[in-house]
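**Student:** Return a 3D structure for these sequence lines:
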Amino acid sequence: MTPGYDLLLVAHVAAGVVGFGAIGASGVEARAGRRSPDPARDLALRRFFAPGVDWAARVVFLVPILGLPLLFGAAPQDESLAYPWVGLGLWVAATGVATASCWPAERRAQQVLARLAEAPGSEPTALAEFRQACTAMERAVGVISLLFLAAVAVMIAQP
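**Tutor:** Down below sits the predicted model:
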């Protein structure tokens, strides 16, 4: 292996760890939000669910950008070509769940918590809506985490 290959591999793995780690942290915060008796008064939850894009989680989009050059440019030619495609398929499924379910639920939670923080008690259904968004996030993060772990196992085992 060349130093360039090693550097690219480290960047590829780091992108996966940062991106999927941030998604995992979203699940932890969603659980805390769902269980909080008054999320509008919880400063940690308000900080986490402040309106905006979770850019750390979007780092997952760098994983294949950094991984494909490893496969086509720097990888030895005698290795099996099946495992990268399985890993890519798992990545597509994980980012599909993040894009279709996790991030929209996170955006809903942000919006509802902002409303609750502005006028506590003004919307009796807002707390239920916030908890519902947190539940959707937790479920999505669970699926994403399983897909990520499966992709890591495939990349390590290289079947």
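**Student:** residue boundaries of the helices in this protein?
**Tutor:** 3-35, 43-48, 55-58, 62-69, 82-97, 103-118, 126-157 (DSSP state H).
**Student:** helices and strands around the first one, which ones?
**Tutor:** On a contact count with 3 or more C-beta pairs under 8 Å, 6 or more residues apart in numbering; DSSP states H and E, helix 3-35 meets helix 43-48, helix 55-58, helix 62-69, helix 103-118, helix 126-157. (C-beta placed from N, C-alpha, C; glycine too.)
**Student:** Of those, give the one that comes closest to Gly89.
**Tutor:** helix 126-157 (8.6 Å; C-beta to C-beta).
**Student:** measure the nearest residue to Gly24 once chain neighbours are set aside to Ser26 for me?
**Tutor:** Leaving aside its chain neighbours, Gly24 sits nearest to Ser145 (5.9 Å; criterion: C-beta to C-beta, 6 or more residues apart in numbering). As for Ser145, its distance to Ser26 is 11 Å (criterion: C-beta to C-beta, to the nearest Å).
**Student:** which of the two has more neighbours?
**Tutor:** Ser26 (27 against 15; other C-beta atoms under 10 Å).
**Student:** For the spatially most central residue of the chain, which residues are in contact?
**Tutor:** In the chain, the centroid-proximal residue (C-alpha atoms, centre = their mean) is Ile23; its distance is 2.7 Å. Residues in contact with Ile23 (C-beta atoms under 8 Å, 6 or more residues apart in numbering) are Ala57, Val60, Ala98, Cys102, Val141, Ile144, Ser145, Phe148.
**Student:** number of nearby residues for the nearest residue to Ala44 once chain neighbours are set aside?
**Tutor:** What sits nearest to Ala44 in space, not counting adjacent residues and going by C-beta to C-beta, 6+ apart, is Ala32, at 7.5 Å. Neighbourhood size, Ala32 [other C-beta under 10 Å]: 15.
**Student:** I'd like the numbering to begin with 26 instead of 1 from here.
**Tutor:** Yep, numbering from 26; the last one is Ala57 now.
**Student:** my guess is Ala57 meets Arg71, correct?
**Tutor:** No: in terms of C-beta atoms under 8 Å, Ala57 does not count as a neighbour of Arg71; the distance is 11.6 Å.
**Student:** Thanks again, I'm all set now.
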